[in-house]
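Chemist: Curious how this folds, go ahead:
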Amino acid sequence: MQNIDILERGRGGPMRIVVRGERFLLPDPADIDFQMVLLILREKHIPGTPNMPEWQRARVFDRWAAHYDLPDFDSARRLAYLVDHYRSGLTYDLRSMLGCDLGELWRARRWRTLLDLIDHLPGHSWYAASVAMDEEHAKMLAESLAARQAAGEDVEKAGPSLVGWTPEVSQLANILDAVRHVAYSVVAVQIGKEAGQPPAPSPRPVTPLERELKRAEQARRKAAHDAIVARVLPKKRRKPDAVD
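Modeler: Numbers count the residues shown, from 1 in each chain. Take a look at the predicted model:
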């Protein structure tokens, strides 16, 4: 490297760089107010960084963020929102389920690790229950989905998570569907069409592979249908345009 002689790797502990023979100690995020850390992540500029070309400054910032376990700005801002709104549930879940302390991880600025832990909390956690009952969060999600649909995006309903979808849960879903179908059949025999539509199957996990297989099957059926139509109802040959 031209200006940066030494750029330390690894995580944790002090981080130093040597530029043109002069050693610089980069600040530890744990010693900086969290609002200032958010500003640093947004601007991608570390206070005390010596003058250097922009590409080298960016490289130093990336190494610094990785060294101190910091995520990108948007992820850090999301974490701040979660901690501010769901602190009680997160504190209990992390301590009881994982043996971690929310405050310690936050103050140590181990935000990337903290986000990973939060995002992998199970659906029956206090945090998940708090999110599900948060009217502000529900409103934001609803507005986001409505905007995506208005923009023409194909917004599919997400099924249950594969996490916790054990063979026993799968069999229970099959039993539930069978019982509901039998109940519907009994009612349909007695009152006929007034019974309405058959019950929809219980939600199941949907993976990207299954979605793509479904699209591929639909495309195959459409191609087969178009081929049959072309054979049964061949298009008439267009007559050549008359020449004046």
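Chemist: Report pLDDT for the residue positioned nearest the centre of the chain.
Modeler: A centroid search over the chain (C-alpha atoms, centre = their mean) returns residue 119, at 8.7 Å, as the residue closest to the centre. In the predicted model, residue 119 carries a pLDDT score of 88.
Chemist: what residue ranges in the chain score low on pLDDT?
Modeler: Applying pLDDT under 70 to the chain flags the ranges 1-12, 141, 153-159, 162-163, 235-244.
Chemist: How is this structure divided into domains?
Modeler: Partitioning the chain according to automatic domain parsing yields domains covering residues 4-67, 73-150.
Chemist: Just put the ones you listed in TSV and tack on distance to residue 183.
Modeler: (C-beta placed from N, C-alpha, C; glycine too.) Supplementary listing: the domains of the chain in TSV, determined by distance: least, C-beta to C-beta, whole Å:
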stretch	distance to residue 183
domain 4-67	54
domain 73-150	28
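Chemist: Quick one: closest of these to residue 168.
Modeler: Nearest to residue 168, of all the domains of the chain, is domain 73-150, at 15.6 Å by C-beta to C-beta.
Chemist: re earlier: and the domains of the chain: which comes nearest residue 205?
Modeler: domain 73-150 (12.3 Å).
Chemist: now the helices for this protein?
Modeler: 34-43, 54-67, 73-85, 87-98, 102-107, 111-119, 126-132, 135-150, 167-191, 208-232 (DSSP state H).
Chemist: Could you check how far the first one is from the centre of its chain?
Modeler: In other words, helix 34-43. Helix 34-43 has its average C-alpha position 23 Å from the chain's average C-alpha position, going by C-alpha atoms, centre = their mean, to the nearest Å.
Chemist: for the fifth one, same thing?
Modeler: Averaging C-alpha coordinates over helix 102-107 and over its chain gives two centres that are 23 Å apart (C-alpha atoms, centre = their mean).
Chemist: ok, now the last one?
Modeler: For helix 208-232, the distance from its own C-alpha centre to the chain's C-alpha centre is 30 Å (C-alpha atoms, centre = their mean).
Chemist: circling back: of all the helices of the chain, which lies closest to residue 21?
Modeler: helix 54-67 (15.6 Å).
Chemist: which secondary structure elements does the closest one contact?
Modeler: For helix 54-67, the helices and strands in contact under the criterion 3 or more C-beta pairs under 8 Å, 6 or more residues apart in numbering; DSSP states H and E are strand 4-7, strand 15-19.
Chemist: So for stretch 168-180, what gets flagged as buried?
Modeler: Buried positions in stretch 168-180, judged by neighbour count with 16 or more other C-beta atoms under 10 Å: residue 173.
Chemist: Please apply the same query to stretch 127-144.
Modeler: Across stretch 127-144, burial judged by 16+ other C-beta under 10 Å covers 127, 130-131, 137.
Chemist: Over to stretch 69-80?
Modeler: So for stretch 69-80, counting by 16+ other C-beta under 10 Å, buried means 69-71, 73, 76, 78-80.
Chemist: centre of the chain versus it, how much separation?
Modeler: On the basis of C-alpha atoms, centre = their mean, stretch 69-80 sits 14 Å off its chain's mean C-alpha point.
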